[in-house]
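Enquirer: The sequence isn't on hand, but the structure is:
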């Protein structure tokens, strides 16, 4: 007998589903609590499915809500769903595929696709044949429903569909021909499904797709002039997919393809035009193809520039010239913000990381494209559109072809910038910024006239023009500082800086945002050149605090942090500190922990602390104690949430930013931080220990960064806990670097601990550490920063415990020397080389096979201090004396210039 719901339970569920549409927060919380309770009922999934597929008299919205809850339950609890319940879901789902209501039909499709993806196709063997059969149904809802499910399954299970089933057949060998037959369907929705679904396997480079790729191309271009806009979008996406994966199928007809894409990029429907515009972006990002585009630049570039003009639809959502600075932001205006934990980085150009100034940024963080910063001009309209795609395409095109694009850009640019239509002028300003990186040398002769015009447009009557002018001008900030023009700082940089500072105080929030972002870009470019302007800059930034609403305050914090990073210790002047810190501390004290501004404020204070150094001491205690309190409270609630599912776990990003700010404070006040930590030492170390084994990798990453700082400046506080610390630390140095940044910071902190602990304390841990560090160093697949940290830490261990490390010298010496060639000279590299030479003194034979590499590494030093120079001289003298004829043979392998430099520099 088939399962049937209990009527009263069903009635209560329907009532609950109806109430989920309430906008009352209290009602929503009660609903969520009740739903969490119901999820524990064994038949809950059956009830949801029953509402979705059987209760056709209920509203489509209620049935769809039941379907979404069902999908979530299947996704979250799939492994624990009883087999008989799963069978019920499968059977009833298939029977309801042709539901008359589109919303219900598509929700059901999501449930089926989720079940297939989690359970694997081979465990539901009848689903694909059944769906393929339903494609031939005479009932449109059935066919459309089957297509919807097939499309979702193909997105979720593309690789599995390409593999043989138990009977040796590959599903796609049957499915793709059927899909292709629908390219000519009389119904546009089915044509769109067919093209979009087949394109999935073009993009995935499916093995089964390849024998049918020619048929795909032929059938696709039959739809090139389809009257349905959704089909045309699908055609454009498919052409882009071909360009990216099988460009040879387009190259024989490239001129026709380019002509078609130029035409379609100018389509009256901006969504179709945007999909076509993706073609140019994809083309220019493929180095082996881009040269083929050169003959068409004269037509493509003007098309892109026309595509940058705001559409009427854009302006309906964007065009706001109001003085809205006093209008409070809503919660929806503020995007979620995530903090990047700090990674210790030695590689030049990869971040701030060195022994001098702490850990740098993530080596592999995703840097936003310039268009992301420009497009912050309005978060309300944040989706990708024709204007953004056109601008990005022109940017990559100018990078690919350089100044050659100016032949086609400049005539259009002159017309646009002189236009009386503000929308056209605004698009010209956007284009001017888009070509800045790729065409800087070609634009230089024009910038002496153009940059003052850009600065004038900071005062344009239209807010959209003012905001884009700020962004575009910032793209030429480097020229304004370093051009060969006479008095460039006075004539160009200072007016640009003054203009941005004034525009930051604009009464339009969008303009404030653009100006503040542009200013942050400029000060980052300027670096120490900002020092003479600290006073007026700080005065403006402090005034902005009183003008900006919540969203723009986040950018303001970033700008202040960037100023601190740019000018460094020059910020530690009494007048500057007095101007800045009372305002910052007022905000520190008044912000609640839950406030989204906490993250940027923490990051800003970290940068300020590092810049002020000892000057941060008066503020260190109150900041440190609150950080410690936040870490403790957050970890406590996390532990409670792990034991009680009804408690919502807090955002661990708070722990990360607090740990990073404590690290910054310790680096800032150095040895004095021992007094700061002393009173709360036991609590602090307990929290660091908890964070070192936290399940969230970013928390562990920041914990080990803090551990290294504690070792540098407060080792006396760590020493009593050293054994416990090392037991937690060593396993995190993972030979397979599963969590790269955790491993990286753990390896770095070991080196700092070793220098302070000395021979006797470190001896028990050296061999277990070498068992992990040496494989990391010798693995050529190890990321650069991690290999560098491994090498430096091995060198430091060798400096402290040479008797244990030196016998292994032959195993790692060659790779060690090769890795440290790319590391800039600093104290950490110096201590590592001291360790290497101490090991060579203990085991000279260990360097014999790597002598040439050691010579190369020695010659690579640019700034040798007296101590290091003496050690190099002693090392080479010792090797020469010990090796005798082998020394002469080794020296003979060096090229004459290197041999002469070794003799002159190291008396060898």
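Expert: Good, I have the coordinates. Source: prediction; values computed, not measured.
Enquirer: longest single helix anywhere in this protein?
Expert: Using DSSP state H, we find that the single longest helix of the chain is helix 740-778.
Enquirer: how much does whichever helix or strand comes after it deviate in direction from helix 740-778?
Expert: Going down the chain from helix 740-778, the next helix or strand is helix 784-800, by DSSP states H and E. Note on geometry: by axes from the mean of the first three to the mean of the last three CA atoms, to 10 degrees, helix 784-800 and helix 740-778 are set 70 degrees apart in direction.
Enquirer: Now do helix 784-800, average pLDDT.
Expert: If you average the pLDDT over helix 784-800, you get 96.
Enquirer: Show me what it packs onto, helices and strands only.
Expert: helix 740-778, helix 802-805, helix 809-820, helix 827-842 (3 or more CB pairs under 8 Å, 6 or more residues apart in numbering; DSSP states H and E). Where you see a C-beta, it was placed from the backbone N, CA and C, and this is true even at glycine.
Enquirer: By mean pLDDT, flag the weakest helix or strand of the protein.
Expert: Every helix and strand of the chain was ranked by mean pLDDT, DSSP states H and E. The lowest is helix 370-374, at a mean of 38.
Enquirer: which residues are contacting the next helix or strand after that one?
Expert: Sequence order places helix 386-401 as the next helix or strand after helix 370-374, per DSSP H and E. Applying CB atoms under 8 Å, 6 or more residues apart in numbering, the contact partners of helix 386-401 are 270-271, 273-274, 277-278, 280-281, 284-285, 287, 290, 293-294, 297, 300-301, 304-305, 307-311, 314, 369-371, 374-375, 405, 409, 427, 430-431, 434-435, 437-439.
Enquirer: mind checking how far helix 386-401 is from the chain centre?
Expert: Distance, stretch centre to chain centre, for helix 386-401: 21 Å (CA atoms, centre = their mean, to the nearest Å).
Enquirer: And for stretch 677-697?
Expert: The answer for stretch 677-697 is 28 Å, by CA atoms, centre = their mean.
Enquirer: tell me the mean pLDDT for it?
Expert: 85.
Enquirer: again with stretch 202-216
Expert: So the average pLDDT for stretch 202-216 ends up being 95.
Enquirer: Show me what counts as buried in that stretch.
Expert: 202, 203, 204, 206, 208, 209, 212, 213, 216 (16 or more other CB atoms under 10 Å).
Enquirer: got it, and stretch 819-837?
Expert: Residues 819-820, 823, 825-826, 828-837 are the ones in stretch 819-837 that count as buried (16+ other CB under 10 Å).
Enquirer: Please apply the same query to stretch 519-538.
Expert: 519-526, 529-530, 533-534, 537-538.
Enquirer: In helices, which of these appear?
Expert: Among the buried residues of stretch 519-538, the members falling in helices (DSSP H) are 519, 520, 521, 522, 523, 524, 525, 526, 534, 537, 538.
Enquirer: Quick one: residues contacting the closest residue in space to the fourth one that isn't next to it in sequence.
Expert: With CB to CB, 6 or more residues apart in numbering as the criterion, residue 522 has its nearest non-adjacent residue at 4.5 Å, and that residue is residue 477. Shown in contact with residue 477 (CB under 8 Å, 6+ apart): 493, 496, 521, 522, 525, 526.
Enquirer: Tell me the pLDDT of residue 477.
Expert: 95.
Enquirer: same question, residue 227
Expert: 94.
Enquirer: Check the one 10 residues further on too.
Expert: According to the model's per-residue confidence, residue 237 sits at a pLDDT of 97.
Enquirer: what are the phi and psi angles of it?
Expert: phi -60, psi -40 (degrees, to the nearest 10).
Enquirer: just use 30 as the starting number from now, easier for me
Expert: With 30 as the first residue, the last one maps to residue 266.
Enquirer: I'd say it and residue 228 touch.
Expert: Yes - with contact defined as CB atoms under 8 Å, residue 266 counts as touching residue 228 (5.9 Å).
Enquirer: Show me which of the two is the more surrounded one.
Expert: Set residue 266 next to residue 228 and count neighbours by other CB atoms under 10 Å: residue 228 wins out with 23 against 19.
Enquirer: what does the one helix or strand that one maps to rub up against?
Expert: Per DSSP H and E: residue 228 is located in helix 217-232. Here helix 217-232 makes contact (CB under 8 Å, 6+ apart) with 172-173, 176-177, 179-180, 183-184, 187, 191, 201, 205, 208-214, 237-238, 242, 245, 249, 252, 255-257, 259-260, 262-264, 266-267, 270-271, 273-275.
Enquirer: do stretch 849-867 as well
Expert: 375-377, 383-385, 780, 784, 813, 817, 820-829, 831, 834-835, 842, 845, 883, 885-886, 889-892, 894, 896-897, 900-901, 903-904.
Enquirer: low-scoring stretches of the stretch 380-529 of the chain, by residue?
Expert: Counting by pLDDT under 70, the ranges of the stretch 380-529 of the chain that qualify are 380-412.
Enquirer: which SS class is residue 154?
Expert: coil (DSSP: H, G, I helix; E, B strand; the rest coil).
Enquirer: got any ranges where the stretch 780-929 of the chain has weak pLDDT?
Expert: For the stretch 780-929 of the chain (pLDDT under 70), the answer is 912-913.
Enquirer: quick one on the thing from earlier: go through the longest helix of the chain and flag the buried ones.
Expert: Under 16+ other CB under 10 Å, the buried positions of helix 769-807 are 769-786, 790-791, 794-795, 798-799, 801-807.
Enquirer: ok, now stretch 319-339?
Expert: By 16+ other CB under 10 Å, the buried positions in stretch 319-339 come out as 319, 322, 325-326, 329-330, 332-339.
Enquirer: and if you look at stretch 194-204?
Expert: 199, 200, 201, 204.
Enquirer: What is the most widely separated pair among those residues?
Expert: 199 and 204 (9.1 Å; CB to CB).
Enquirer: which residues are in contact with both of these two?
Expert: residue 190.
Enquirer: quick one: the helices in the stretch 480-629 of the chain?
Expert: 492-503, 506-511, 517, 523-532, 538-555, 563-576, 579-596, 603-619, 627-641 (DSSP state H, counting those that start in this stretch).
Enquirer: quick one, which of those is nearest to residue 730?
Expert: helix 627-641 (14.9 Å).
Enquirer: what is the rounded mean pLDDT of the closest one?
Expert: Averaging pLDDT along helix 627-641 yields 95.
Enquirer: which helices and strands does it pack with?
Expert: helix 579-596, helix 603-619, helix 646-672, helix 682-698.
Enquirer: how far does the longest helix of the chain sit from the chain's center?
Expert: Worked out by CA atoms, centre = their mean, helix 769-807 lies 29 Å from the chain centre.
Enquirer: Counting by contacts, list what it packs against.
Expert: Taking 3+ CB pairs under 8 Å, 6+ apart as the contact cut, helix 769-807 packs with helix 726-747, helix 751-758, helix 813-829, helix 831-834, helix 838-849, helix 856-871.
Enquirer: In JSON lines: those, plus distance to residue 652.
Expert: Putting these into JSON lines (distance: least, CB to CB, whole Å) gives the following:
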{"stretch": "helix 726-747", "distance to residue 652": "14"}
{"stretch": "helix 751-758", "distance to residue 652": "25"}
{"stretch": "helix 813-829", "distance to residue 652": "28"}
{"stretch": "helix 831-834", "distance to residue 652": "39"}
{"stretch": "helix 838-849", "distance to residue 652": "36"}
{"stretch": "helix 856-871", "distance to residue 652": "27"}
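Enquirer: Just name the most buried of those.
Expert: helix 813-829 (a mean of 27; mean count of other CB atoms under 10 Å).
Enquirer: Any idea how far it is from the middle of the chain?
Expert: Remark: helix 813-829 is offset 28 Å from the chain centroid, using CA atoms, centre = their mean.
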